[in-house]
Every structure is written in C-alpha cells, then in structure tokens.
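Student: Sequence first, then the predicted structure:
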Amino acid sequence: MNQFTRAAQPLAEAAGRINNLMDQTMRLGLDLMESLNQVRASMMSGMAQPGGIARMMGGLRAGSRCGCDIPPPCWMPVSLGELTSFICPGGVATLRLRVTNCSDRPRQVSVDAKQPNLPVTVTPAVLTLGPQERGVFTLTAPVPTSATAGQESEALIWVRGCKEHYLRWTVQAATRGGDCCHEMDVDDCPDLIHHWYDHFYCQRSCPERSPDVGRG
C-alpha cells in the first residue's frame with residue numbers, strides 16, 4: 001500500500017461515518033414527520049365529531065398546571081354558591097351559618113337577607129366574635145300553605161365581617177318532605193397574601209345609562 005492510499009483511507013472512513021449519520025438523521029426526521037401527521041389526523045378526526053373542539057379544549061384546560069385562570073379580585077364579595085331547599089307548603093326552611101372569625105382581633109359580623117318575595121328571619125342579626133371564635137346565625141323562611149309544587153322564591157343572603165360573603169338561597173315548594181335544615185361554614189378570614197393577579201384589576205364604575213336605553 002503506497003503513501004497516497006494510506007492517507008486516503010481515513011478520509012474515506014470519515015466520509016462513510018458522515019453518510020451514516022446523515023442517513024440516520026433523515027430517518028429520524030421522516031419518523032418525526034410521520035408521527036406528527038398521525039397526531040394531526042387524530043386531532044382533525046376528533047374535532048370533526050360533534051362537540052370535539054369543546055372536549056379538546058376542556059382536556060387541555062384540565063391537564064394544564066400553570067393556573068392561568070385569574071380569580072376575582074380580593075376586594076370583590078366572596079361567593080358562597082347557591083343553595084336550594086325543598087319544602088312542603090306550610091313547612092319552614094332553615095339555614096344555619098356557622099361563621100369563624102379567623103383573624104387576630106375581635107370582629108363584628110352581621111347577616112342580612114335581601115328578599116323581594118321570600119320572608120327570611122335572621123337570628124341574631126349581629127354577633128361579636130373574638131379571634132378564632134365561631135358563632136351561628138339561624139335563618140328561617142316559611143313556605144305558604146297556598147304554595148303550589150315547584151313554586152320558587154329566592155333570597156340574597158349577605159354575611160358581612162372582615163369580608164363580604166353572599167349566598168343565593170332558593171326555597172322551592174315540594175310535594176314530599178317537611179321542614180328542612182341546611183348548615184354551611186363561613187370562614188371570615190383576612191387576605192394577607194399579595195397575589196400576582198392583583199395587578200390585573202382596577203376599580204371601574206359601571207357606566208351610567210338612561211332608563212330609556214333599550215326601549216323601543
């Protein structure tokens with residue numbers, strides 16, 4: 001083997017390795033493209049089905065861990081949800097609110113009900129709770145004996161302490177059952193954490209509109 005042949009042999013080996021590497025890279029790229037095409041075809045097939053887009057977006061939201069949903073601002077009233085009591089005509093619906101003052105100082109807590117068509121009695125109307133103390137408010141709403149099955153009345157219940165909490169309480173006349181008593185815990189706690197989403201809010205009043213707006 002002459003000197004030229006010995007010098008060319010490493011170059012040939014290096015070229016062969018480069019060719020093998022390029023072949024493997026191309027195969028990997030083709031496999032990746034095929035996988036992406038299969039995923040795209042599967043997504044398009046799922047989206048084409050009724051409700052497919054909604055299910056896909058719901059799955060993305062359920063699998064997300066970023067917590068990107070912005071909660072209501074800390075200075076807005078806190079919702080306690082909605083509650084429905086099913087009571088026979090002539091019965092009484094009862095709701096017990098157990099309020100905990102989870103602050104480090106005494107606080108006065110009051111409960112009142114906005115009831116355009118549901119008479120609600122609150123006992124007591126005001127409680128003074130020390131740090132970490134609990135107190136119970138009892139709310140009662142009678143159902144007239146003349147009420148028909150399915151007839152509903154609603155009251156907006158406000159719990160005012162360190163924060164303002166509100167509950168939508170619906171009493172519905174039923175054909176079965178008698179008196180009913182629900183219990184609910186309300187933790188009246190100060191918000192001591194500076195949240196990242198607080199920067200997204202500013203208090204803007206609702207625009208004043210004329211009473212005649214929208215009337216044709």
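Tutor: Noted; the coordinates are in hand.
Student: all helices for the protein, in order.
Tutor: For the chain, helices defined by DSSP state H occupy the ranges 3-48, 52-63.
Student: And those helices, which one averages the lowest pLDDT?
Tutor: Out of the helices of the chain, helix 52-63 stands lowest, with a mean of 55 (criterion: mean pLDDT).
Student: Quick check: the closest residue to Gly135 other than its chain neighbours vs Arg107, distance?
Tutor: Setting aside the residues directly before and after it, Gly135 is nearest to Leu127 in space (C-beta to C-beta, 6 or more residues apart in numbering), at 4.0 Å. All C-beta atoms are positioned from the backbone trio N, CA, C, and that covers glycine. As judged by C-beta to C-beta, to the nearest Å, Leu127 and Arg107 stand 9 Å apart.
Student: Quickly list what Thr99 is bridged to.
Tutor: Check again: residue 99 is Val, not Thr. Following DSSP bridges, Val99 is listed with bridge partners Gly135, Val186.
Student: Look at it and report its pLDDT.
Tutor: 97.
Student: Tell me where this protein is predicted with low confidence.
Tutor: Applying pLDDT under 70 to the chain picks out residues 1-12, 39, 41-68, 177-180, 210-216.
Student: measure Pro116 to Ala155 for me?
Tutor: Taking C-beta to C-beta, one finds Pro116 at 8 Å from Ala155.
Student: Looking at the two, which is more packed in?
Tutor: Ranked by neighbour count (other C-beta atoms under 10 Å), Pro116 and Ala155 place Ala155 first, with 22 against 8.
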